[in-house]
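Asks: structure of the sequence below:
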Amino acid sequence: MGFGDLKTPAGLKVLNDFLADKSYVEGYVPSQADVVVFDALSSAPPADLCHALRWYNHIKSYQKEKASLPGVKKPLGQYGPAGVQDTTAAAKNEEEDEDIDLFGSDEEEEDEETKRIKEERLAAYNAKKSKKPVLIAKSSILLDVKPWDDETDMAKLEQCVRSIELDGLVWGQSKLLPVGYGIKKLQIACVVEDDKVGTDQLEELITAFEDFVQSMDVAAFNKI
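Replies: Next up, the predicted model:
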């Protein structure tokens, strides 16, 4: 059993033929078996050995995480086709060959069952995850909007502010607070979705009403 010397054309040919109908040396996911065989190669297989080259390039992409791949490393000779044997190995009779074939079938069935269980668990996890409500980050903001002077129509100023409509913006309560010299400012609350509305955006839109608004400040900002 084995590939032989993988640094020779003969060994690479055995590897290529072995991978003609397989994605990995063992099982259905990259494992330590692939790491052992990969490390036994001196370089990438030639282009005419397309199956071996395809496998080589794929396993190469796992080099930074190869230590975390599943499985336990075994000697190189324990991987590969059963048809390549050491010259010192004893010939096996037909019954033993049948036992090996049956064992291989059981292993393949076990791998298929393991794969099926993993797929079912993954599907159940994804289904459960998709039912969880998506949390939307929101903030409560209190804005101070200052007029130019005591002659500014504050009712009109508030009307202008509330005319701003944005996805993720909800206006709340408001009141007029004295600033001095007969001037009052508009203090207005709003709730915003953080991903959609920011204070800089609000300031730009509110101060655009330059006939009424002198400036805007954030009086309070709280995450909800």
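
Asks: ok, residue 136 - contacts?
Replies: Neighbouring residues of residue 136 by CB atoms under 8 Å, 6 or more residues apart in numbering: 193, 195. From N, CA and C alone the C-beta is placed, and that goes for glycine too.

Asks: try residue 198
Replies: Contacts of residue 198 were listed using CB under 8 Å, 6+ apart, and they are residue 192.

Asks: what pLDDT does the model give it?
Replies: At residue 198 the predicted local confidence, pLDDT, stands at 92.

Asks: also residue 81?
Replies: At residue 81, the pLDDT value in this model is 83.

Asks: how far away is it from residue 14?
Replies: Here residue 81 is placed at a distance of 7 Å from residue 14 (CB to CB, to the nearest Å).

Asks: mind listing the shared neighbours of those two?
Replies: Taking CB under 8 Å, 6+ apart as the contact definition, residue 81 and residue 14 share the neighbouring residues residue 3.

Asks: of these two, which one has the most company?
Replies: Between residue 81 and residue 14, counting by other CB atoms under 10 Å, residue 14 is the more crowded of the two (21 against 14).

Asks: so when I look at the more buried one, I'm seeing a strand, right?
Replies: No. Under the criterion used here (DSSP: H, G, I helix; E, B strand; the rest coil), residue 14 is helix, not part of a strand.

Asks: where does the chain have low pLDDT?
Replies: Residue ranges of the chain with pLDDT under 70: 1, 83-110, 131-134.

Asks: measure the most centrally placed residue in it to residue 119 for me?
Replies: Ranked by distance to the mean C-alpha position of the chain (CA atoms, centre = their mean), the top residue is residue 126 at 13.3 Å. To residue 119, residue 126 is 11 Å away according to CB to CB.

Asks: do the same with residue 27
Replies: For residue 27, the distance to residue 119 equals 14 Å [CB to CB].

Asks: and those two? Which one has more around it.
Replies: The residue with more neighbours, out of residue 27 and residue 119, is residue 27; 19 against 10, by other CB under 10 Å.

Asks: what about the residue nearest to residue 193 when sequence neighbours are not counted, neighbour count?
Replies: In space, residue 193 comes closest to residue 168 once its chain neighbours are excluded; the distance is 3.4 Å by CB to CB, 6 or more residues apart in numbering. When counting by other CB under 10 Å, one arrives at 13 neighbours for residue 168.

Asks: go on, residue 123?
Replies: Residue 123 - counted by other CB under 10 Å - has 10 other residues nearby.
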